[in-house]
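Asker: Structure for the following, please:
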Amino acid sequence: MAIKTVCVLGGGGFVGHHLVTLLASRGFRVRVPARRREDAKDLLVLPGVEVLEADIHDPATLRSLLDGMEAVVNLVGILHETASGAAESDKTRRGGFRQAHVELPRKVVAACREAGVGRLLHMSALGADAHSQSAYQRSKAEGESLVLGAGDDSWR
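Answerer: Just a heads-up that it's a prediction; the model follows:
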């Protein structure tokens with residue numbers, strides 16, 4: 001079965017912009033949830049791209065975003081967090097490394113199962129390691145392990 005619809009979580013970020021542009025150029029219908037629609041407004045001009053303002057950390061919202069999607073790509077990640085757990089660059093983000101790299105992938109796996117999504121691609125990080133001295137690398141490794149342990153070979 002050929003995939004025609006893709007939801008790109010983190011589609012407004014650096015890698016996401018490139019991926020969404022490529023998918024649109026190849027005729028995919030792409031849904032891009034964003035905390036603020038304005039942050040991804042340049043994607044609105046691409047054919048077949050839908051940008052929605054949404055809180056992907058809310059399980060019910062995340063689940064509804066996946067309705068009709070055949071594939072999901074999770075590119076969400078933060079590079080820094082403050083001592084309070086909020087990202088330095090944006091105090092409105094939901095939590096720190098654990099929320100972005102562990103809890104969100106857990107919610108994405110559950111939402112994909114509920115929505116019947118056949119393909120999940122989760123972007124981890126080079127050097128992700130559960131035994132790293134870096135909290136970033138440990139959290140990325142934990143999220144990667146959650147997705148790989150979901151038990152579905154079409155989810156990577």
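
Asker: so where do the helices sit in the protein?
Answerer: Under the criterion DSSP state H, helices of the chain are mapped to 14-25, 59-65, 97, 104-115, 135-148.

Asker: Of these, which stretch is the most buried?
Answerer: The highest mean neighbour count among the helices of the chain, using mean count of other C-beta atoms under 10 Å, belongs to helix 97: a mean of 24. Glycine gets a C-beta too; all of them are placed from N, C-alpha and C.

Asker: What residues does Ser132 make contact with?
Answerer: Arg138, Ala141 (C-beta atoms under 8 Å, 6 or more residues apart in numbering).

Asker: redo that, cut-off 7 Å
Answerer: Arg138 (C-beta atoms under 7 Å, 6 or more residues apart in numbering).

Asker: for Val102, same thing?
Answerer: Counting by C-beta under 7 Å, 6+ apart, Val102 makes contact with Ser139, Glu142, Gly143, Leu146.

Asker: and those as CSV, adding distance to Ser64 and pLDDT?
Answerer: Below are the contacts of Val102 laid out as CSV (distance: C-beta to C-beta, whole Å; pLDDT from 0 to 100):
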residue, distance to Ser64, pLDDT
Ser139, 26, 91
Glu142, 26, 91
Gly143, 22, 91
Leu146, 22, 91
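
Asker: Let me know the closest of those residues to Met123.
Answerer: Taking C-beta to C-beta as the measure, Met123 sits nearest to Gly143 out of these, at 9.8 Å.

Asker: is it true that that closest one touches Gln99?
Answerer: No. Between Gly143 and Gln99 there is no contact under C-beta atoms under 7 Å: 10.5 Å.

Asker: Surely Gly10 and Ile78 touch.
Answerer: No. Gly10 is beyond contact range of Ile78, at 10.1 Å (criterion: C-beta under 7 Å).

Asker: neighbour count winner among these two?
Answerer: Gly10 (23 against 20; other C-beta atoms under 10 Å).
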